[in-house]
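In: Quick one, fold the following:
(one chain, ligands or ions: 2)
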Amino acid sequence: MSAGHVVAPVTGGAPASGPASGPASGPAGRGDPVLEIRDLCVDYGVGDDAVHAVVDANLTLRRGQVLGLAGESGSGKSTLAYAATRLLREPGVITGGEVLFHSQPNAQSRPDAVTGTADLLDLGEGDLQRVRWSEISVVMQSALNALNPVTTIGRQIEDVLKAHRPDLNRAGRVRRSTELLEMVGITGDRLGSYPFELSGGMRQRAMIAMALALEPQVVIMDEPTTALDVVTQREILEELIRLRDELGFAALFITHDLSLLIELADEIAVMYAGRLVERAGSESLFRAPRHPYTYGLLNSFPPMHGARVAMTGIAGSPPDLRSIPSGCAFHPRCRYAMERCSVDEPQLVPLSHGPVPPGRSPREVSCWRHDPRSAEPVPAELNQPDPADPAPANPAAAAPAPAPEEEKA
Ligand code: ATP
Ligand code: MG
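Out: Ligands and ions are numbered 1, 2, ... in the order given. Down below sits the predicted model:
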């Protein structure tokens, strides 16, 4: 977080003005890290009464990929995203960490776009303004109400273009606004509509069009489709994936609905009580969860295919962040808890599961049950063969993890 954490100086200038100093020199490659959140800590309030809403969060967003962030209400998902983009409001305080943005502006970027690697937590206001919306855009949780009710959709998109694309004249802005609306499946004649004249789904699409207006390198979406019916939700998500493939942005998609992420995300991170407890490729997480909380979440919704299974959910409620249980924060709700779990806090550590495919991160879990030094065996439900491992020995790998037979009282 200090000035010393800026890996490379942030410089204005067009992409052609010099080589980028991010992890990938040359053209931005799919799978290269674009945003690295390291050891991020966020409190609400200060002193003894401070609520530790995010504790030592580590996440990597990669170009062209969707990273899903899941967890129950109040687990810290929005806090993490807003802190990482410096949108956190008081009494939120970032108490540690760094957020490295490896910027490789594209042809649509503004002429003075930030290039190279910078710690967003260290950026001055001027640089931050150049990064926000044009390079990193955020669709906030209350996005459905974020549109100005007394201004037409067209004018609102145009305003974004006016602020960041001085090269476009009025006709160019109208052309681009039409193009953007059509890109998200709204006909251009809707440019003159006010938000109240649009359905919830259309307003959400318009928000996504605005977020993509400047072809950002990173798009952060916080529960963007939660208020919509499942059909509209699916349509918008399919559109989002198509746009991701076409435009190559990286997306952080936040939702409490893990089932949504299974289909949408390349990788999924699961958050509990301010801590990331598991991160894995989407299919690995679905077929072979390692953390008891992930396993519980997966058994809280019915599978789309296959035999009917009993839904068990997770006993108890998430803790009040003002009084987090000792040791592993999940242990009072965990049917696999051992003595140690109430004493020592586990860290998110990589699991050794074969080679990591290029453009991916090793899967990680924070659970003492997976400590190789533990004398206790790993429960079978938390040890299903990972489909990402080469040639799983057990054909059960083709099936999701079995439901537990009984629920913890
Ligand atoms: P949801 O799924 O409901 O959106 P979330 O995972 O996004 O939840 P956050 O909004 O990040 O959760 O909140 C995380 C925790 O931070 C909450 O449990 C709450 O205790 C605390 N918190 C959030 N906002 C404030 C605030 N303004 N003041 C004090 N504490 C706050
Ligand atoms: Mg939230």
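In: Domains in the protein, by residue range?
Out: By the record's domain assignment, the chain is partitioned as 33-265, 266-409 (automatic domain parsing).
In: Remind me what the host helix or strand of Tyr295 packs against, helices and strands.
Out: Following DSSP states H and E, the helix or strand that holds Tyr295 is helix 292-298. With contacts defined as 3 or more Cβ pairs under 8 Å, 6 or more residues apart in numbering; DSSP states H and E, the packing partners of helix 292-298 are helix 258-264, strand 267-272, strand 275-281. Quick note: C-beta positions are derived from backbone N, CA and C, even for glycine.
In: since we're on Arg234, how many residues are nearby?
Out: When counting by other Cβ atoms under 10 Å, one arrives at 15 neighbours for Arg234.
In: Does it fall in a helix, a strand, or a coil region?
Out: helix (DSSP: H, G, I helix; E, B strand; the rest coil).
In: how far does the lowest-mean-pLDDT helix or strand in the chain sit from the chain's center?
Out: One helix or strand of the chain scores below all others by mean pLDDT, DSSP states H and E: helix 230-247, with a mean of 83. Averaging C-alpha positions (Cα atoms, centre = their mean, to the nearest Å) puts helix 230-247 16 Å from its chain's average.
In: got the contact list for it?
Out: Identification of contacts with helix 230-247 by Cβ atoms under 8 Å, 6 or more residues apart in numbering yields 64, 66, 183-185, 199-201, 204-205, 208, 212, 215, 221, 224-225, 228, 249, 251, 260, 263-264.
In: Please name whichever of the helices and strands packed on helix 292-298 is nearest to Thr95.
Out: Across the helices and strands packed on helix 292-298, Thr95 has its closest neighbour in strand 275-281 (14.7 Å, Cβ to Cβ).
In: Can you dump the C-alpha atoms of that closest one in CSV for me?
Out: Taking C-alpha atoms only, strand 275-281 is exported to CSV below (Å, rounded to 0.1, in the frame of the first residue of the first chain):
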residue,chain,number,x,y,z
ARG,A,275,-12.0,-14.6,4.4
LEU,A,276,-11.5,-16.5,1.1
VAL,A,277,-11.8,-20.1,2.0
GLU,A,278,-11.5,-21.9,-1.4
ARG,A,279,-10.6,-21.0,-5.0
ALA,A,280,-10.6,-23.4,-7.9
GLY,A,281,-11.5,-23.8,-11.5
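In: deepest of the domains of the chain, which one?
Out: When neighbours are counted by mean count of other Cβ atoms under 10 Å, the highest per-stretch mean among the domains of the chain falls to domain 33-265, a mean of 19.
In: pLDDT score for the closest residue in space to Ala265 that isn't next to it in sequence?
Out: In this structure, Ala265 finds its nearest non-sequential neighbour in Gly68, 3.4 Å apart by Cβ to Cβ, 6 or more residues apart in numbering. Gly68 carries a pLDDT value of 96.
In: my guess is Gly68 is in a helix, correct?
Out: No: judged by three-state DSSP, Gly68 forms no part of a helix; its state is strand.
In: Name the residues linked to it by a beta bridge.
Out: Phe253, Ile268 (DSSP bridges).
In: who are the neighbours in contact with it?
Out: Contacts were defined as Cβ under 8 Å, 6+ apart; by that measure Gly68 touches 253-255, 258, 260-261, 264-265, 267-269, 282.
In: before we move on, what about Val131?
Out: Contact criterion Cβ under 8 Å, 6+ apart gives 101, 103, 114, 120, 123 as the residues in contact with Val131.
In: wait, isn't the third one in contact with Glu135?
Out: This points to Val114. Yes: in terms of Cβ atoms under 8 Å, Val114 counts as a neighbour of Glu135; the distance is 6.4 Å.
In: Stretch 203-219: how far from the chain's middle?
Out: Mean C-alpha position of stretch 203-219 versus that of the full chain (Cα atoms, centre = their mean) differs by 15 Å.
In: average pLDDT for it?
Out: Mean pLDDT, computed over stretch 203-219, is 90.
In: Same check on stretch 142-156?
Out: Stretch 142-156 shows a mean pLDDT of 85.
In: what's in contact with that stretch?
Out: 140, 159, 174, 177, 181, 190-196, 198, 200, 203-204, 206-207, 210, 222, 224, 227.
In: Just say helix, strand or coil for Leu191.
Out: Reducing the assignment to helix, strand or coil with three-state DSSP, the entry for Leu191 is helix.
In: Grab the nearest non-local neighbour of it.
Out: Closest residue in space to Leu191, ignoring its immediate chain neighbours: Gly154 at 3.1 Å, by Cβ to Cβ, 6+ apart.
In: Check whether Ser103 really touches Val114, as I assumed.
Out: Yes: with contact taken as Cβ under 8 Å, Ser103 and Val114 are classed as touching, separated by 5.0 Å.
In: Nearest to ligand 1, out of the helices and strands packed on helix 292-298?
Out: Closest of the helices and strands packed on helix 292-298 to ligand 1 is strand 267-272, at 6.7 Å (criterion: Cβ to the nearest ligand atom).
In: what packs against the closest one?
Out: When contacts are defined as 3+ Cβ pairs under 8 Å, 6+ apart, strand 267-272 sits against strand 66-70, helix 258-264, strand 275-281, helix 282-287, helix 292-298.
In: which residues are in contact with that strand?
Out: Outside strand 267-272, the residues that reach it (Cβ under 8 Å, 6+ apart) are 59, 65-72, 75-77, 80, 258, 261-262, 276-282, 285, 291, 293-294, 297, 318, 329-330, 360-361.
In: CA atoms of it as CSV?
Out: Taking Å, rounded to 0.1, in the frame of the first residue of the first chain, the C-alpha atoms of strand 267-272 are listed here in CSV:
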residue,chain,number,x,y,z
GLU,A,267,-12.6,-19.8,-11.7
ILE,A,268,-14.6,-19.4,-8.5
ALA,A,269,-13.5,-18.0,-5.2
VAL,A,270,-15.7,-18.6,-2.1
MET,A,271,-15.8,-16.2,0.8
TYR,A,272,-16.8,-16.8,4.3
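In: picking that back up, could you name the stretch from the helices and strands packed on strand 267-272 that's closest to ligand 2?
Out: Comparing the helices and strands packed on strand 267-272 by their distance to ligand 2 (Cβ to the ion), the top pick is strand 66-70, with 9.7 Å.
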